[in-house]
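Colleague: sequence unknown, structure follows:
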């Protein structure tokens with residue numbers, strides 16, 4: 001027993017000796033807070049400072065853009081003149097108007113946007129969802145002053161700093177009427193609200209209104225740009241070229257690297273990406289303001305693509321700019337067919353608008369062009385053929401032409417069904433077409449029979465009079 005005891009004592013002694021001889025690990029640079037009062041030099045090179053309040057500390061970066069300052073096509077100083085024209089957008093997103101097709105009703109309950117009342121907001125988060133596990137590690141905000149546009153970016157070095165960051169953020173909402181975001185109504189703001197609640201805040205009183213520019217961007221460009229990502233829109237439509245830029249999707253991974261080794265250089269590109277996103281929101285605000293303020297064709301260039309021209313007109317019409325919308329529609333109607341592109345969508349949309357107004361002489365050419373394009377399509381749509389069949393049957397009483405369009409619509413439907421799995425709705429549509437064709441054939445037969453009977457009656461009448469009508 002004593003031998004075993006001695007062996008245990010020797011093992012303990014050897015373990016202590018190894019422990020004393022091993023090199024001690026230096027604390028990781030990730031413990032940035034342990035280095036205080038000094039801040040990591042890389043943070044200082046980025047213009048970052050530590051901010052302390054009653055809830056703790058966090059990091060803050062502040063960039064000032066004195067006016068005039070141009071970001072792409074527009075100057076940031078133009079926001080002051082353009083912001084009030086965004087009132088219809090604010091009413092659509094915060095008022096009682098719902099539905100993409102309904103015209104906006106201006107509401108006195110929705111404040112008219114003013115440049116100093118707008119807070120531009122963009123967050124970088126640890127994930128993509130809006131659940132409680134998604135943490136905004138960086139929050140970028142921007143606002144106008146009399147002489148400059150100021151961007152401020154917060155950063156938390158560890159979860160313990162989140163409450164201090166959110167405390168500071170709440171103080172920035174004073175005087176704010178609208179949050180300007182890109183998908184912020186569905187993402188950024190719900191994430192922030194969730195973090196506020198987890199940190200002990202409760203929702204009370206009115207929240208700022210929203211100006212979420214994802215929705216008007218989709219309305220204008222979803223059919224003409226490869227995507228409606230902010231980076232695509234700023235390059236294709238706002239004249240902004242960033243050059244090298246850290247993709248927003250990489251921000252969570254770069255933040256995790258920072259947490260692992262404490263090197264702020266991982267975040268340099270994230271800071272710049274977030275900053276440029278905030279500036280691009282200002283350029284979008286100016287662009288939409290020019291569109292709604294009558295600046296199309298001047299401060300904001302006319303859209304060249306026919307589909308985009310139609311969508312711009314439709315968006316302006318929904319937001320009360322009917323004269324400008326009509327100008328764009330007239331430009332479309334005047335396009336030569338060879339210059340109008342091969343997209344049937346805008347033709348159908350424009351024809352529908354003319355139909356509602358009773359302008360058949362303008363609707364018919366649009367339907368005819370759309371029908372011709374459908375004939376060449378691999379998966380054709382029959383909307384134009386149907387409209388033409390209805391028009392010639394019920395308004396013109398030209399049953400031959402109506403039958404021709406109805407039969408073409410049936411042939412296109414059969415072609416489509418041969419390539420796709422038939423659905424109940426598609427079968428019903430085919431049955432309706434077959435019934436329409438049968439009805440038109442009956443009308444043609446009755447018309448032809450009536451004409452023959454009329455001619456026969458005329459001959460009989462002439463015979464009964466003994467030819468006294470002849471000279």
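Modeller: Perfect, thanks for sending it. Fair warning: this is a prediction, and the values are worked out from it, not measured in the lab. Numbering: from 1, shown residues only.
Colleague: can you list contacts of the longest strand anywhere in the chain?
Modeller: With secondary structure taken from DSSP state E, the chain has its longest strand at strand 56-66. Outside strand 56-66, the residues that touch it by CB atoms under 8 Å, 6 or more residues apart in numbering are 33, 39, 43, 46-51, 76, 147-157, 160-165, 168, 271, 275, 279. Yep, even glycine has a C-beta here, placed from its N, CA and C like the rest.
Colleague: The same query, at a cut-off of 7 Å, please.
Modeller: The contact list for strand 56-66, computed with CB atoms under 7 Å, 6 or more residues apart in numbering, reads 43, 46-51, 76, 147-157, 160-161, 163-165, 168, 271, 275.
Colleague: low-confidence ranges in the stretch 351-471 of the chain?
Modeller: 450-471 (pLDDT under 70).
Colleague: And for the chain?
Modeller: For the chain, residues meeting the criterion pLDDT under 70 lie at 1-38, 96-102, 130, 204, 336-340, 450-471.
Colleague: Okay, domains of it per the record?
Modeller: Domain assignment for the chain by automatic domain parsing gives 33-292, 378-452.
Colleague: now the ones you listed in a markdown table, with mean neighbour count?
Modeller: Converted to a markdown table, the domains of the chain look like this (neighbours: other CB atoms under 10 Å):
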| stretch | mean neighbour count |
| --- | --- |
| domain 33-292 | 18 |
| domain 378-452 | 16 |
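Colleague: And the ones you listed: which comes nearest residue 327?
Modeller: Of all the domains of the chain, it is domain 33-292 that lies closest to residue 327, at 12.5 Å by CB to CB.
Colleague: Residue 346 is nearest to which of the domains of the chain?
Modeller: Of the domains of the chain, nearest to residue 346 by CB to CB is domain 33-292, at 8.3 Å.
Colleague: Figure out how far that closest one is from the centre of its chain.
Modeller: 16 Å (CA atoms, centre = their mean, to the nearest Å).
Colleague: my guess is residue 303 contacts residue 313, does it?
Modeller: No: Residue 303 is beyond contact range of residue 313, at 9.1 Å (criterion: CB atoms under 7 Å).
Colleague: Between these two, point out the one with more neighbours.
Modeller: Applying other CB atoms under 10 Å to residue 303 and residue 313 shows that residue 313 carries more neighbours, namely 27 against 22.
Colleague: residue ranges for the helices of the stretch 351-471 of the chain, please.
Modeller: Under the criterion DSSP state H, counting those that start in this stretch, helices of the stretch 351-471 of the chain are mapped to 360-376, 383-390, 399-419, 424-464.
Colleague: and those helices as JSON lines, adding distance to residue 116?
Modeller: Below are these laid out as JSON lines (distance: least, CB to CB, whole Å):
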{"stretch": "helix 360-376", "distance to residue 116": "45"}
{"stretch": "helix 383-390", "distance to residue 116": "48"}
{"stretch": "helix 399-419", "distance to residue 116": "55"}
{"stretch": "helix 424-464", "distance to residue 116": "52"}
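Colleague: Figure out which of the ones you listed is closest to residue 266.
Modeller: Of all these, helix 399-419 sits nearest to residue 266, with 50.2 Å by CB to CB.
Colleague: Distance from the chain centre to the closest one, please.
Modeller: Its chain's C-alpha centre lies 36 Å from the corresponding centre of helix 399-419 when counted by CA atoms, centre = their mean.
Colleague: Check the spacing between residue 320 and residue 346 real quick.
Modeller: 21 Å (CB to CB, to the nearest Å).
Colleague: the more surrounded of the two?
Modeller: Taking other CB under 10 Å, residue 320 and residue 346 do not tie; residue 346 has more neighbours (24 against 17).
Colleague: Can you check what angle separates the one helix or strand residue 285 maps to from strand 56-66?
Modeller: Assigned by DSSP states H and E, residue 285 belongs to helix 268-292. Relative orientation of helix 268-292 versus strand 56-66 (axes from the mean of the first three to the mean of the last three CA atoms, to 10 degrees): 50 degrees.
Colleague: next helix or strand past helix 268-292?
Modeller: Note on helix 268-292: by DSSP H and E, the next helix or strand toward the C-terminus is helix 306-318.
Colleague: relative to helix 268-292, how tilted is that next one?
Modeller: Taking the same axes, to 10 degrees, helix 306-318 and helix 268-292 form an angle of 70 degrees between their directions.
Colleague: which residues of the stretch 51-200 of the chain fall in strands?
Modeller: Using DSSP state E, counting those that start in this stretch, the strands of the stretch 51-200 of the chain run over residues 56-66, 70-71, 74-75, 118-125, 136-144, 148-155, 178-181.
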